[in-house]
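> my questions are about this predicted structure, shown below with the sequence.
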Amino acid sequence: MIGVIADDVTGGTDAAAAFRRQGLRTLLCFGLPDGPVAGQGPAADAVVVTLRTRTAPAADAVRDSLAAARHLTAAGATQLYFKYCSTFDSTPHGNIGPVLDALGDLTGAGPVVTTPASPEHGRTQYRGHLFVHDQLLAESPMRHHPLTPMTDSLLPRLMDAQTACPGSVVLGHETVVAGPERIKAALGQLAGRARYVFADALDDGDLLRIARAVADAPLVAGAAGLAGALGAVRAERGLPGRPDGPGPVAPPRGRGAVLAGSCSRRTLEQIDAVRAAGRPVHLLDPLAEPDPDALADRALRWYDTVDAAGALIHASRRPDELRAVQEVLGVGRSARILEEAMGRIAVGLAARGVERLVVAGGETSGAVVAALGIGGGEVGAEAARGVPWIHPASGPAILLKSGNFGDRELLLTASAAEADA
Ligand SMILES: Nc1ncnc2c1ncn2[C@@H]1O[C@H](COP(=O)(O)OP(=O)(O)O)[C@@H](O)[C@H]1O
Ligand SMILES: O=C(O)[C@@H](O)C(=O)COP(=O)(O)O
């Protein structure tokens, strides 16, 4: 079994969808399960534990990640995969380095191979630089991210600012295209000389070559791209006793609602599409009411007065508006107020009979899942690449959307009432 530690909720669902696509039986746990993972359901080929560590203090992120690693290993994981964001979301005080240092010590891993490349999401790595579609990461809209603005694109430099083991190196594209044996040979030469190896990858073929070279490594890291490639290698090797089960479950067609806390350009476009379609839209304004209870009460009172099908409640703002809020309330405080408010609103919507809850934003999704008390769920059909419906044991089906994912219509279509669908 491959055990995945994801640093946020949408990252975990993205990885879970990648495994599911390869035919792996995939178990998704929001947070550390209370009991042992094994025995919670049918035997799994992949278990994904989602944490909320992306923006947590490094010491907390290390503690939680180690706990998840021990849990997964006890449940039979033969390989650990640390899932971070395909845009390497972190700060110089961030967690990717410290968490990987700790997981490397735990597993005794040699050079840890990693790449955030996820070509299906437009993320590629060349000469160690991370591209988002046609732009370098630091020139992409990610430079305006509310919590982890990315202002550098060179991965070894980003990593070296965080890790206690600097000296990260790039495995160049020419080595990657030469195939798994050449990659293994290069890694052999790097043993003892570099702790982190960023492997260039431009397409899924590159990721598959890398995955074949590290298929038996105790620890690998990256985004959903390399995770899916490792899943493909496992599927090639044969998945023990996998019954031909039904395809992924489709979401119910009952009443939908949207909560958006992402300020990504894509999410702002998706909100515009909902507004343009004439759906009711409500903005949470933390400057007017810097209190989660008051914001949630006002939003739910608004919800009760509108034609609620497909209603959208958002905190999301353009970069200039976001800065204005953060200057008054502070980055951390404004995020906390809004995330708490979103959690309370989600609980209120579930109580009002919403059957499909669409959430935009990773931190926002983490807050919603925690407030709803959802421990996990079945990974269902994908509404967009990397955005699967999740079916918990009870309560609404949920769609947790990374801020950057989905086409412009996604929030509109995913929350559509039966008559509109
Ligand atoms: N108007 C706002 N002012 C301050 N912070 C905001 C505002 N709107 C959203 N945020 C915060 O920005 C963060 C967005 O992160 P996240 O939900 O992970 O989205 P993404 O998936 O785009 O990274 C959240 O913590 C959210 O509460
Ligand atoms: O790798 C990715 O881009 C996503 O899986 C991811 O991590 C999403 O995080 P958010 O952008 O914070 O939703």
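Right, received. Where do you want to start? Ligands and ions are numbered 1, 2, ... in the order given.
> tell me which helix or strand in this protein has the weakest average pLDDT.
One helix or strand of the chain scores below all others by mean pLDDT, DSSP states H and E: strand 376-384, with a mean of 91.
> can you name every helix or strand that that one contacts?
helix 9-21, strand 26-30, strand 387-391, strand 397-401, helix 410-414 (3 or more Cβ pairs under 8 Å, 6 or more residues apart in numbering; DSSP states H and E). Where you see a C-beta, it was placed from the backbone N, CA and C, and this is true even at glycine.
> which residues does the third one contact?
By that I understand strand 387-391. Residues outside strand 387-391 that contact it (Cβ atoms under 8 Å, 6 or more residues apart in numbering): 10, 13-14, 16-17, 20, 28, 248-251, 356, 374, 377-383, 397-402, 405-406, 410.
> what comes up buried for it?
Val387, Pro388, Trp389, Ile390, His391 (16 or more other Cβ atoms under 10 Å).
> and ligand 1, is the helix of greatest length in the chain touching that?
Counting by DSSP state H, the longest helix found in the chain is helix 331-351. Yes. Residues of helix 331-351 are located near ligand 1 by Cβ under 6 Å from any ligand atom, namely Ser334, Ala335, Leu338, Glu339.
> and the third one, how far from Val47?
Read that as Leu338. Distance, Leu338 to Val47, using Cβ to Cβ, to the nearest Å: 31 Å.
> ok, now the first one?
Taking Cβ to Cβ as the measure, Ser334 falls 34 Å from Val47.
> the two: which is more packed in?
Higher neighbour count among Ser334 and Val47: Val47, with 29 against 20, using other Cβ atoms under 10 Å.
> SS state for the more buried one?
Following DSSP: H, G, I helix; E, B strand; the rest coil, we place Val47 in the strand state.
> ok, it touching Ala77?
Yes. The pair Val47 / Ala77 is scored as a contact, 6.9 Å apart, by Cβ atoms under 8 Å.
> anything in contact with each of these two?
By Cβ under 8 Å, 6+ apart, Val47 and Ala77 have these common neighbours: Met1, Ile2, Gly3.
> can you tell me the closest non-neighbouring residue to the closest residue to ligand 2 within the stretch 151-300 of the chain?
At 4.0 Å from ligand 2, Ala223 is the closest residue in the stretch 151-300 of the chain, using Cβ to the nearest ligand atom. Distances taken as Cβ to Cβ, 6 or more residues apart in numbering put Ser86 closest to Ala223, at 3.7 Å, once the chain neighbours are dropped.
> how about that neighbour, what does it touch?
By Cβ under 8 Å, 6+ apart, the neighbours of Ser86 are Pro116, Ala117, Ser118, His121, Arg123, Ala223, Ala224, Gly225.
> number of nearby residues for the residue of the stretch 151-300 of the chain closest to ligand 2?
Number of residues near Ala223 (other Cβ under 10 Å) recorded here: 26.
> that one contacts Arg123, doesn't it?
Yes. Between Ala223 and Arg123 there is a contact under Cβ under 8 Å: 6.7 Å.
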